[in-house]
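Asker: Fold the following, please.
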Amino acid sequence: MKKKVKIVGRHIVLALLAIFWLLPILWLVVTALSANKGIDTSHFFPEKWSIDNFAQLFLRPDTAANFPAWFKNSLIIGVACCIISTLFVLMVSYAFSCMRFPARKPLMSFSIILGMFPGVLSMIAIYFVLKLLGLSDSLLGLIIVYSAGSGLGFLICKGFFDTIPMSLRESAKLEGASEFTIFTKVVIPLSKPIIVYTVINSFLNPWMDFVMARLMIKSKNPSDWTVAIGLFNLLQKNLIGNYFGVFCAGGVIIAIPISVLFVIMQKFYVEGITGGAVKG
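Answerer: Reported below is the predicted structural model:
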């Protein structure tokens, strides 16, 4: 009896937590589908439904809400960082997991310690360095910032590579394969889960980031902004009354690609996390 009570109590707590977590998301969706352009706190569900907020995002961009340009800029940054960061993480992880060289363990320890420092501490220094190079107000500058330190996130990927039998790599070496051939022909084909995990994380970070993008992009032209900067700008006092519904619609739109990607790749994503946690 006590066991059943504990199980029921546990499920009730989990259900309440799920409701608290899903309620803001549900409110965001229904507000995006509201005919009211501003904030309406008198009703949870709108009195009148409309898809005009979504139509305005894509069909009627203006100086305040140029969503197609924001989406394009964020997509360029996300895809470029995804490719570069994934390559960096996989190569660094393979070097630390499968190769033996002097100072390997000290370098790993130093990388882990360096990764513990909050990135916000170095933001100002990074901004001034890129400003000196003329890259402080460009998409290329953001791509460099997001991709440059990605190799430090090698730990989970290295843990996955550690689970691949060493005998496979030794057999390839006996056949005369180089490290590059072993990496591309032996290790990578066996690492689909961790590659999916790395790709999703590499895309998600620049896609959703606001702080670094806000610091780097100083342009007053809305077409130069990312989605995060553009949507945040809609919350200004002089705009929120007419654009809050558009803001909610934008929040729904940018969540869709990530949600679909997670649903499709969920199996591989979970396998990548659990596989990388076997060995450190």
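Asker: For residue 141, give me its contacts.
Answerer: If you count contacts by CB atoms under 8 Å, 6 or more residues apart in numbering, residue 141 has them with 130, 133, 135, 216. Where you see a C-beta, it was placed from the backbone N, CA and C, and this is true even at glycine.
Asker: and if we set it to 7 Å?
Answerer: 130, 135, 216 (CB atoms under 7 Å, 6 or more residues apart in numbering).
Asker: how deep is the residue lying closest to residue 212 once chain neighbours are set aside tucked in, by neighbour count?
Answerer: Distances taken as CB to CB, 6 or more residues apart in numbering put residue 145 closest to residue 212, at 6.0 Å, once the chain neighbours are dropped. Neighbours of residue 145 under the rule other CB atoms under 10 Å: 26.
Asker: May I see the buried residues of the host helix or strand of residue 145?
Answerer: Here residue 145, judged by DSSP states H and E, is contained in helix 139-148. Buried residues in helix 139-148, counted by 16 or more other CB atoms under 10 Å: 139, 141, 142, 143, 144, 145, 146, 147.
Asker: Nearest residue to the fourth one in space, ignoring adjacent ones along the chain?
Answerer: Leaving aside its chain neighbours, residue 143 sits nearest to residue 80 (4.8 Å; criterion: CB to CB, 6+ apart).
Asker: in the helix or strand hosting that neighbour, what's buried?
Answerer: Taking DSSP H and E as the criterion, residue 80 maps to helix 67-98. Counting neighbours by 16+ other CB under 10 Å, one finds that the buried residues in helix 67-98 are 67, 69-71, 73-74, 76-78, 80-82, 84-86, 88-90, 92-98.
Asker: okay, residue 71: pLDDT?
Answerer: With respect to pLDDT, residue 71 scores 90.
Asker: ok, the closest residue to it other than its chain neighbours - how many residues close by?
Answerer: In this structure, residue 71 finds its nearest non-sequential neighbour in residue 227, 6.0 Å apart by CB to CB, 6+ apart. For residue 227, the tally of surrounding residues (other CB under 10 Å) stands at 25.
Asker: which one of the contacts of residue 141 has the most neighbours?
Answerer: Most surrounded of those: other CB under 10 Å gives residue 216, at 24 neighbours.
Asker: what's the distance between that residue and residue 242?
Answerer: 28 Å (CB to CB, to the nearest Å).
Asker: tell me which strands and helices the longest helix anywhere in the chain is in contact with?
Answerer: If you go by DSSP state H, the chain has its longest helix at helix 237-276. Helices and strands touching helix 237-276, by 3 or more CB pairs under 7 Å, 6 or more residues apart in numbering; DSSP states H and E, are helix 2-32, helix 52-59, helix 155-162, helix 192-208, helix 227-233.
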